[in-house]
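[1] what follows is a protein structure lacking sequence information:
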């Protein structure tokens, strides 16, 4: 993915701006990766794009004929050709690049034309005459774009490190952002763990000028509760047809395309929709050789004609790579969730663009008992809070200073309640699905592709605008436990219907009554056997997991001796926030008493290394292959 950096500072001369940009570009470079660097500099403003050349966007920035407006574009549009045809009367006859197309359409139709852009992108527009900057995100905020306003200036970039190196003021932990990181597993809403460092929210236009700044949303993610109800065959037939069109859009271009394939519904539906004349394409699956993902993905690949590779290296993979991973993911999620970095050179030999099943949540509701019995919006919100945070709070509370936790928890709870202001639906299942897509997905699932930024481009067919607009008309009863989604796969792709799904271990059953009965029996059995397994110290079945992270942490004690404890000793975890004695107790329980604290340990290491890199500018533990001073 291209890397966008920039600064808006009306007080600075052009030379000062260029110096800041040069520093930002150096900080985001990856050794051994060749990129083109496009730079736009004016008095008071500068932006640059480090482009590895995977996408065919051409030279940037796009400019108006008089040079007043300039645009930098990070990402791609799947419907650029359709837009050129639709607006051919207001566009020049000569072919225009995607960035030029975006600028011309915004000039001709107004900035709300961005609602018609089908793709994953973020962009900047600068008005030199007015000294006005606009930052725009796509519908889902898929591509990270961070910004920080400090002392009358605004710094922005695809990565936090581009802001940190430009911001010379003292940086601090964001207290509520830090608590949210541990409660949700990723920072929540617009906040990050760094005070004043924000992430541009989905479907948002941020305008910055000398009179101040303002944000507005240009599109709302909501289910159309008044849409006409159709029968089941119509829903799953249209779903399949639109998914086919979405995948076809994602196969465009001259670069090598592969797919990240698991045994779940999401990536298998994308793989099955790839038209035969594109095959074979490479498919990669992570996990040990006996995991469900690897076994089921291998079967899927054989049926569909994919060139499958199981990435099954079982050697040490946490300690050797944790610093490199955190340098890329910047403490925004547990480093242990993105360990694929060790396979990237191998994957790069076969592909430049990977397809992903990200955000197939549009196709179905994930439910739990408390949500099913909710009868109002308010009761749904309570059920979501209990489900997402209820099981984590005791462990999270333990590692924080008690005074800090009590002081900040009410703020966290208030922000949770406030987060539903952007959820415009009332049906409990619609409320839950909207909240998940708006607030949880952009902070975890979307952050993961940023680890592949130097080498790969990501495409997500399930986020296609045309497909999503249709899925938002499907009523809750048809989405319950992905009802329509499963029928679509079973009837449109019967050749893979009998291959079990990683989640359940069973073939796809399009008949809701029988499938749901089996699911409830399985759930009840797991709840009954759980205490028995714990009593007799029996291992918990892996289910869809391709590893037991708790055991993997224990097999690499260097994570404690060479990473976590040195970080604790260095003081990167403020005593006003964290309870060191409790952290030591958690470590002892995990390593000496077979505790299950992998998530807390991964978050502690991720945040500690991120603080070392971005608060204290200590890059001594980074290998030269990751960053060269």
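    On my side now, so go ahead. What you see is a predicted model, and the numbers here were worked out from it, not measured in a lab.
[2] hmm, who's touching whichever strand or helix holds residue 270?
    Assessed by DSSP states H and E, residue 270 sits inside helix 265-273. The contact list for helix 265-273, computed with Cβ atoms under 8 Å, 6 or more residues apart in numbering, reads 240, 243-244, 246-247, 259-262, 283, 300-301, 304, 306, 355-358, 360, 461-462, 482, 485-486, 488-489, 492-493, 495-496, 499, 501, 503, 508. (Glycine included, C-beta is placed from N, CA and C.)
[3] for residue 28, give me its contacts.
    Contact analysis of residue 28 by Cβ under 8 Å, 6+ apart lists 3, 5, 50, 157, 158, 159, 161, 162.
[4] pLDDT wise, what is it at?
    You'll see residue 28 listed with a pLDDT of 95.
[5] please name the nearest non-neighbouring residue to it.
    In space, and not counting its chain neighbours, residue 28 is closest to residue 3: 4.8 Å by Cβ to Cβ, 6 or more residues apart in numbering.
[6] with residue 160 instead?
    Ranked by Cβ to Cβ, 6+ apart and with sequence neighbours excluded, the top spatial neighbour of residue 160 is residue 330, at 4.5 Å.
[7] pLDDT score assigned to that neighbour?
    The score at residue 330 is 96. That number is its pLDDT.
[8] look up how far residue 342 lies from it.
    To residue 342, residue 330 is 19 Å away according to Cβ to Cβ, to the nearest Å.
[9] so for these two, which residue has more residues nearby?
    residue 330 (26 against 16; other Cβ atoms under 10 Å).
[10] which residues touch the more buried one?
    Contacts of residue 330 by Cβ under 8 Å, 6+ apart are 159, 160, 161, 610, 613, 614.
[11] what's the answer for residue 57, then?
    2, 51, 73, 76, 97, 98, 99.
[12] for residue 411, same thing?
    By Cβ under 8 Å, 6+ apart, the residues touching residue 411 are residue 176.
[13] doesn't residue 83 make contact with residue 101?
    Yes: counting by Cβ atoms under 8 Å, residue 101 touches residue 83, with 6.3 Å between them.
[14] of these two, give the one with the bigger neighbour count.
    Taking other Cβ under 10 Å, residue 101 and residue 83 do not tie; residue 101 has more neighbours (23 against 20).
[15] and the helix or strand where the more buried one lies, what does it pack against?
    Here residue 101, judged by DSSP H and E, is contained in helix 98-109. Other elements packing on helix 98-109 under the criterion 3 or more Cβ pairs under 8 Å, 6 or more residues apart in numbering; DSSP states H and E are strand 62-63, strand 69-77, helix 80-86, strand 119-127.
[16] can I get these in a markdown table with mean pLDDT and distance to residue 317?
    Shown next, in a markdown table, are these (pLDDT from 0 to 100; distance: least, Cβ to Cβ, whole Å):
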| stretch | mean pLDDT | distance to residue 317 |
| --- | --- | --- |
| strand 62-63 | 97 | 42 |
| strand 69-77 | 97 | 30 |
| helix 80-86 | 95 | 39 |
| strand 119-127 | 97 | 29 |
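[17] distance to residue 321 added to the ones you listed, as a markdown table?
    Listed next are those as a markdown table, based on distance: least, Cβ to Cβ, whole Å:
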| stretch | distance to residue 321 |
| --- | --- |
| strand 62-63 | 38 |
| strand 69-77 | 26 |
| helix 80-86 | 37 |
| strand 119-127 | 26 |
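[18] residue 549 is nearest to which of those?
    Residue 549 lies closest to strand 119-127 among the helices and strands packed on helix 98-109, at 29.1 Å (Cβ to Cβ).
[19] now the angle from the closest one to strand 69-77?
    Computed with axes from the mean of the first three to the mean of the last three Cα atoms, to 10 degrees, the direction of strand 119-127 lies at 180 degrees from that of strand 69-77.
[20] so which elements touch strand 119-127?
    strand 3-8, strand 45-51, strand 69-77, helix 98-109, strand 132-137.
[21] can you tell me which of the ones you listed is most buried?
    Comparing these by mean neighbour count (mean count of other Cβ atoms under 10 Å), strand 3-8 ranks first with a mean of 28.
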